[in-house]
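*Asks:* One predicted model, sequence on top.
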Amino acid sequence: MSKVITSRELDYSKWYNDIVVEADMADHSAVRGCMVIKPHGYAIWEKMQQALDKMFKDTGHVNAYFPLFIPKSLFEAEEKNAEGFAKECAVVTHYRLKTDPNNPGKLIVDPEAKLEEELVVRPTSEAIIWNTYKGWIESYRDLPLLINQWANVVRWEMRTRLFLRTAEFLWQEGHTAHATKEEALEETKRMLDVYANFAENWMAMPVIKGVKTASERFAGADDTYCIEALMQDGKALQAGTSHFLGQNFAKAFDVKFATKEGKREHVWATSWGVSTRLMGALIMSHSDNNGLVIPPRLAPTQVVMVPIYKGEDGLKKVSEVAHALKEKLQAKNISVKYDDRDSQRPGWKFAEYELKGIPVRIAIGERDLANGTVEIARRDLLSKEIIKLEYVDTYVAKLLEDIQSNLYNKALERTKCMTYKVDTYADFKKTLDEKPGFILAHWDGTAETEEKIKEETKATIRCIPLNNEQENGLCIYSGKHSTQRVLFARAY
RNA sequence: CGGGGUGUAGCGUAGCCCGGUAUCGCGCCUGCUUUGGGAGCAGGAGGUCGUCAGUUCGAAUCUGGCCACCCCGACCA
């Protein structure tokens, strides 16, 4: 073993970091808090982008691109939004460097080149987009405006972790404008459903849809909807958010439209986003001590074929069969890589592709040629079977689907097993420490109680689940009356 | 940003307390033998010891600044 991954049981966060680095997904860069996404990681992100982008377009959205920089005066227009992000903004103050007269060969910021107005590197794009929308929206005929952008944003975080929290991250942000409140609310929930659908059907990651409490709300939103997923270690991860922005940005940027009746009204807005954090969610949903596990629908390479042979002639014979099989699989829209490098031995390749999470591995040796078979191994269960060559394409097509649903079912089962109903504060604390996971408990609905619980236990209200079952109970903290349980957890 | 720790070849490390020729393993290169779960043997290359300054005849080693990373807090998608 030349590459060793710390076991989950020994140190979960070290395990996570090992997977990211050893599976060749990303690495720390020379820039504080920023990562380099390597080809294998980026290929998975591209698969996510493709699937999401199609879903956005299928729901009527189009892509556009807005600037990285936001003039400070625009940024501060929506007060709550500005306040919420102010503490973590990178700010451009100068536009030129010059050689240091005291230190030849070194550069300093040219004090002569100070910007009249500072530029904020976008932590999110509402400000610049709504400033732009002002010029685009005049009449109800211009609505709804349904735009998405794929972009990078910067949030100057104190502590960073690969994919889960980096100073710069990649994401998509949808920004829509509507004539009515109802329509905007409908859009907010539609996109939440898109995210939940993507998480479950592509990432094989079950999620809880819900609405955030006031204190966890996006700065500038009237309501924040979210999908919350439970990771293997029992900590929750917010995997996507969809915000109902009311008329806050329309008012801040004075975006009005003429109604059919000729009246002038502020438009209603939504914004919604998912980021490269989903990569972290993917890892912590399925991977094991042998490395990454990628659900087939997001795997850039779904099947890897490894030849086993003696000598050049052996490789030639095996390759003939392998190439034919590769084409057969590709005809079924399966992405296949044939790794015929002579520089690595089969055992090395097996371990390598396992580490990188390739869902299916096919080994073809000279013994198989004689028997008309191949050996097929699945990454999720680490099991192997010998399959007749003529059935391989249909077998693999079915196997990929099996792996996809097995991963989802396993994650769903785990989430269910790690979700607890508790009725007393003592139980609540005990559960958090001994059996981390989701906790459904009664809450009196006040921000004070929420804050106290957070202070004392580090657990937060992840969301109030949608279509939540209504039942009378007593708040675990204050003992006051409550009508429903909310979802608590310690979170990433 | 506060507390603690780390930084030596691509990776992991020894050496540091007590200043004087930089250790070992993996990986890499060449050749031969190998190839059904991370191959074996032989030979070889690779280092301004994170960085900048200071102390010293001499610094990986002592002192200070800076940078990055890890752990624990506060902040957060």
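*Replies:* Nice, thanks for sending it over.

*Asks:* helices and strands around the helix or strand encompassing A:Glu117, which ones?
*Replies:* Per DSSP states H and E: A:Glu117 is located in strand A:114-121. When contacts are defined as 3 or more C-beta pairs under 8 Å, 6 or more residues apart in numbering; DSSP states H and E, strand A:114-121 sits against strand A:69-71, helix A:72-75, strand A:91-94. C-beta: built from backbone N, CA, C; applies to glycine.

*Asks:* just the helices in the stretch 51-200 of chain A please.
*Replies:* With DSSP state H, counting those that start in this stretch, the ranges of helices along the stretch 51-200 of chain A come out as A:72-75, A:79-86, A:126-136, A:181-201.

*Asks:* RNA strand B is nearest to which of those?
*Replies:* helix A:79-86 (7.0 Å; C-beta to the nearest atom of the strand).

*Asks:* buried residues in the closest one?
*Replies:* A:Asn81, A:Ala82, A:Gly84, A:Phe85 (16 or more other C-beta atoms under 10 Å).

*Asks:* tell me which of those residues is nearest to A:Ala177?
*Replies:* When those are ranked by distance to A:Ala177 (C-beta to C-beta), A:Asn81 comes first, at 16.0 Å.

*Asks:* The closest one reaches A:Ala127, doesn't it?
*Replies:* Yes - using C-beta atoms under 8 Å, A:Asn81 is in contact with A:Ala127, at 7.0 Å.

*Asks:* helix or strand for A:Asp313, which one?
*Replies:* Assessed by DSSP H and E, A:Asp313 sits inside helix A:311-330.

*Asks:* Does that helix reach RNA strand B?
*Replies:* Yes - shown here: helix A:311-330 in contact with RNA strand B (C-beta under 7 Å from any atom of the strand) through A:Gly311.

*Asks:* helices or strands next to the helix or strand that comes right after that helix in the packing?
*Replies:* Sequence-wise, the next helix or strand downstream of helix A:311-330 (DSSP H and E) is strand A:336-338. Here strand A:336-338 touches strand A:303-308, helix A:311-330, going by 3+ C-beta pairs under 8 Å, 6+ apart.

*Asks:* Would you mind giving these as JSON lines with mean neighbour count and mean pLDDT added?
*Replies:* Shown next, in JSON lines, are the helices and strands packed on strand A:336-338 (neighbours: other C-beta atoms under 10 Å; pLDDT from 0 to 100):
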{"stretch": "strand A:303-308", "mean neighbour count": "24", "mean pLDDT": "97"}
{"stretch": "helix A:311-330", "mean neighbour count": "15", "mean pLDDT": "96"}
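
*Asks:* Can you add distance to A:Tyr133 and give those back as a markdown table?
*Replies:* Shown next, in a markdown table, are the helices and strands packed on strand A:336-338 (distance: least, C-beta to C-beta, whole Å):
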| stretch | distance to A:Tyr133 |
| --- | --- |
| strand A:303-308 | 46 |
| helix A:311-330 | 44 |
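
*Asks:* if we can go back for a sec, can I get the buried residues of helix A:79-86 in JSON lines including pLDDT?
*Replies:* Listed next are these as JSON lines, based on pLDDT from 0 to 100:
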{"residue": "A:Asn81", "pLDDT": "92"}
{"residue": "A:Ala82", "pLDDT": "92"}
{"residue": "A:Gly84", "pLDDT": "89"}
{"residue": "A:Phe85", "pLDDT": "91"}
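
*Asks:* Give me the pLDDT for the closest residue to RNA strand B within the stretch 351-492 of chain A.
*Replies:* For the stretch 351-492 of chain A and RNA strand B, the shortest gap (C-beta to the nearest atom of the strand) falls at A:Gly365, measuring 2.3 Å. pLDDT, A:Gly365: 96.

*Asks:* ok, now which ones touch the nearest residue to it once chain neighbours are set aside?
*Replies:* Excluding its sequence neighbours, the residue lying closest to A:Gly365 (C-beta to C-beta, 6 or more residues apart in numbering) is A:Ile308, at 3.5 Å. By C-beta atoms under 8 Å, 6 or more residues apart in numbering, the contact set of A:Ile308 is A:Val318, A:Pro346, A:Ala363, A:Ile364, A:Gly365, A:Glu366.
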